[in-house]
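>>> what follows is a protein structure lacking sequence information:
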């Protein structure tokens, strides 16, 4: 019993380190990340078919520590996804594909907890407001659909300071929770997300971050 109590006290003292200078009140914050992806494939099974996909997803965050260890901020993000394919349909060349875009604004609150001089963990809560658009590119004419998405999301994360001002951060989406409403492609839906995904890269996202302390 005494041994367990000593371990708990030692663990508490290890966590209860002084507030980092970067996490003090009035510290300003800037974060950004850009991800790219794509593929190209070609099939020849009597009828030749080609396809390609390119995606670009930048995001930017600004924020300010309103009190020690607590930040309020805003994230602006975009996503562009371009899909193209061509195939031969009984001698007729067919071109098809689509451009899918989204633009998102997310006011957020983030609560930090210092671990040691280099590391901190945080809990990130955001309200996500998205505009969605898809433009189909078919041989017989283009078609455009628009919609929107509103959601709430909570996710933990970790920060590692390389220098006093520069840090790398990762949102741990594996443990995120979210709920949202979407009106898009003639469908209205409510969704609940408990971070169940088959895409391992979606579990973690690395962000470059800068903290500017008031001198």
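Ah, there it is. Predicted, not measured: the structure shown is a model, and the values here were computed from it.
>>> after the lowest-mean-pLDDT helix or strand in the chain, which helix or strand is next?
Lowest mean confidence among the helices and strands of the chain (mean pLDDT, DSSP states H and E): helix 2-15, at a mean of 44. Past helix 2-15, further along toward the C-terminus, the next helix or strand under DSSP states H and E is strand 28-44.
>>> mind listing what's buried along that next one?
Residues of strand 28-44 classed as buried by neighbour count (16 or more other C-beta atoms under 10 Å): 29, 31, 33. Where C-beta positions appear, they are placed from N, C-alpha and C, glycine not excepted.
>>> got the contact list for the nearest residue to the first one once chain neighbours are set aside?
Once its chain neighbours are removed from consideration, residue 29 has its nearest residue in residue 63; the separation is 4.0 Å (C-beta to C-beta, 6 or more residues apart in numbering). Contacts for residue 63 were tallied using C-beta atoms under 8 Å, 6 or more residues apart in numbering; they are 28-29, 31, 71-74, 108, 110.
>>> pairing partners for the one helix or strand residue 63 maps to, with directions?
Following DSSP H and E, the helix or strand that holds residue 63 is strand 48-67. With DSSP bridges as the test, strand 48-67 is paired with strand 28-44 (antiparallel), strand 70-89 (antiparallel).
>>> looking at those strands, which is nearest to residue 96?
Residue 96 lies closest to strand 70-89 among those, at 5.8 Å (C-beta to C-beta).
>>> got the buried residues for the closest one?
Under 16+ other C-beta under 10 Å, the buried positions of strand 70-89 are 71, 73, 75, 77, 79, 81-84, 86.
>>> quick one: which of those is nearest to residue 127?
Proximity to residue 127 was ranked across the buried residues of strand 70-89 by C-beta to C-beta; first place goes to residue 75, at 10.2 Å.
>>> that closest one bridge partners, please.
residue 61, residue 106.
>>> equivalent analysis for residue 177, please.
Beta-bridge partners recorded for residue 177 (DSSP bridges): residue 154.
>>> please look at residue 51 and residue 95 and confirm they touch.
No - using C-beta atoms under 8 Å, residue 51 and residue 95 do not qualify as a contacting pair, with a distance of 11.0 Å.
>>> more crowded one of those two?
With neighbours defined as other C-beta atoms under 10 Å, residue 51 and residue 95 compare such that residue 51 has more, 16 against 12.
>>> who's the more buried one bridged to?
Note on residue 51: beta-bridge partners residue 41, residue 85, judged by DSSP bridges.
>>> quick one, what contacts it?
The neighbourhood of residue 51, defined by C-beta under 8 Å, 6+ apart, consists of 40-42, 83-86.
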